[in-house]
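Engineer: could you look at this predicted model? Sequence included:
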Amino acid sequence: MTKIVEATAFLVDVEVETERTDAVQAFLKQETVFVELTTDDGNTGLGYSYTIGTGGSAVLAMLREHLLPRLPGQDAREIEYLWHDLFASTRATTVGAITSLALAAVDTALWDLRCRRAGEPLWRVAGGFRAQVPLYDTEGGWLHLSTDDLVTGALASQAAGWSGIKVKVGKPRIEQDVERLRAVRDAVGPGLDIMVDANQSMTRAEARRRAAAFEPIGLAWLEEPLPADDIEGHVALARSTSIPIAVGESLYSMAHFRDYLARGAASIIQVDVARIGGITPWLKVAHLAETFNVDVCPHFLMELHVSLVAAVPNGRYVEHIPQLRALTHGELRVQNGHAIAPDTPGLGIAWNRDAMADRRTA
């Protein structure tokens, strides 16, 4: 009584909650792709994936035309088999963003089913290491914000008991980045982690220059300084600076993470459950990082990542970027600077079906 009898997909657009800019792009909207699976015993699982403005219709087409037709009649409990079967069926388009995002929507729906059937929350089914994890804020650190705004946001996060903040870097001149970061550090003192994110905007030479200039500020990590496919550049940069290098949000394959870890090119892993292809490969990347004694601090999707970071022993931080409040009842619980993993069976996201229907585009 666990056979899949129906598999559907639909697309919902969610407006951004606040202006978000970095060194290379702006967050236009969240195209949210949903997959709903129903089994022959009447159970359902709802999974999702996303883009930040483009490509949602392509993900939806991949699901409807290629992946979902393979699911009816399959046993929903056999998640590993189903992930590999779907991956193999799209071999001509892997490794790539569209395929990974489509796989993630199916895989998260299967995990939602698994947890609901077990009557357990995701964080326990996926590992169960802790019930809450430290939180850091990105919403107060966007590139368009003034130095005064950065300081105000950092002080507010510190007062709320959060452990860290992220500031976007990549201003035209190095002195501009340094001035902004120094103002924040002077305001909050040494007790708050400051992460910086360059969003793949730098050349190898510029990344080395800016890392050297940033070192006296005492940063928790330097994120995506170089294009994600420049592993050699990240190897050289990691050797040249004491600042931990963070990568992962723009990697779409477990093998890419293996290469970064094996080469010592990253000491913070930011695997994104949507971009890696779902919870199934996310957990493998997290456990791989554990074998290298490397922490996992995933990118975005805080409503889902809180449960996964809570599931593994090397989960260090959840990134605070609220984006699903328009589609949910309630929001992420925060207590004493920590995100609390939902204790309800399934993914732990209380979807507002009426709001989803209102924003449905396809």
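Structural biologist: Arrived safely, thanks for sending.
Engineer: helix/strand/coil for the spatially most central residue of the chain?
Structural biologist: Closest to where the C-alpha atoms of the chain average out (CA atoms, centre = their mean) is His299, at 2.9 Å. Using DSSP: H, G, I helix; E, B strand; the rest coil, the structure places His299 in coil.
Engineer: ranges for the strands of the stretch 101-250 of the chain?
Structural biologist: Under the criterion DSSP state E, counting those that start in this stretch, the stretch 101-250 of the chain contains strands at 132-137, 164-168, 193-197, 221-223, 245-247.
Engineer: show me what the longest one is packed against.
Structural biologist: When contacts are defined as 3 or more CB pairs under 8 Å, 6 or more residues apart in numbering; DSSP states H and E, strand 132-137 packs onto helix 147-159, strand 164-168, helix 302-311, strand 318-320, strand 338-340. Any C-beta I mention is one placed from the backbone N, CA and C, and that applies to glycine too.
Engineer: do the same with the second one
Structural biologist: With contacts taken as 3+ CB pairs under 8 Å, 6+ apart, strand 164-168 sits against strand 132-137, helix 147-159, helix 174-188, strand 193-197.
Engineer: at 10 Å what do you get?
Structural biologist: In terms of contacts (3 or more CB pairs under 10 Å, 6 or more residues apart in numbering; DSSP states H and E), strand 164-168 is packed against strand 132-137, helix 147-159, helix 174-188, strand 193-197, strand 221-223, strand 318-320.
Engineer: partners of the closest residue to Gly73 other than its chain neighbours in the sheet?
Structural biologist: Excluding its sequence neighbours, the residue lying closest to Gly73 (CB to CB, 6 or more residues apart in numbering) is Lys3, at 6.0 Å. Taking DSSP bridges as the rule, Lys3 bridges to Asp75.
Engineer: Lys3: what's it in contact with?
Structural biologist: The neighbours of Lys3, taking CB atoms under 10 Å, 6 or more residues apart in numbering as the test, are 38-41, 71-77.
Engineer: how about Arg77?
Structural biologist: 2-3, 39, 110, 113-114, 117 are the contacts of Arg77 under CB under 10 Å, 6+ apart.
Engineer: let me know the secondary structure of it.
Structural biologist: Arg77 - assigned by three-state DSSP - is coil.
Engineer: any idea how far the closest residue to Asp272 other than its chain neighbours is from Gly218?
Structural biologist: Leaving aside its sequence neighbours, Asp272 sits nearest to His299 (CB to CB, 6+ apart; 4.3 Å). Look at His299 and Gly218: by CB to CB, to the nearest Å, they are 23 Å apart.
Engineer: same question, Asp137
Structural biologist: Distance, Asp137 to Gly218, by CB to CB: 18 Å.
Engineer: more neighbours, these two?
Structural biologist: Set Asp137 next to Gly218 and count neighbours by other CB atoms under 10 Å: Asp137 wins out with 21 against 14.
Engineer: report the beta-bridge partners for that one.
Structural biologist: Applying DSSP bridges, one finds that Asp137 bridges with Ile165, His320.
Engineer: so it makes contact with Leu150?
Structural biologist: No. Asp137 is not in contact with Leu150 according to CB atoms under 10 Å; the separation is 11.2 Å.
Engineer: need the residues touching each of these two.
Structural biologist: Common neighbours of Asp137 and Leu150 (criterion: CB under 10 Å, 6+ apart): Ile165.
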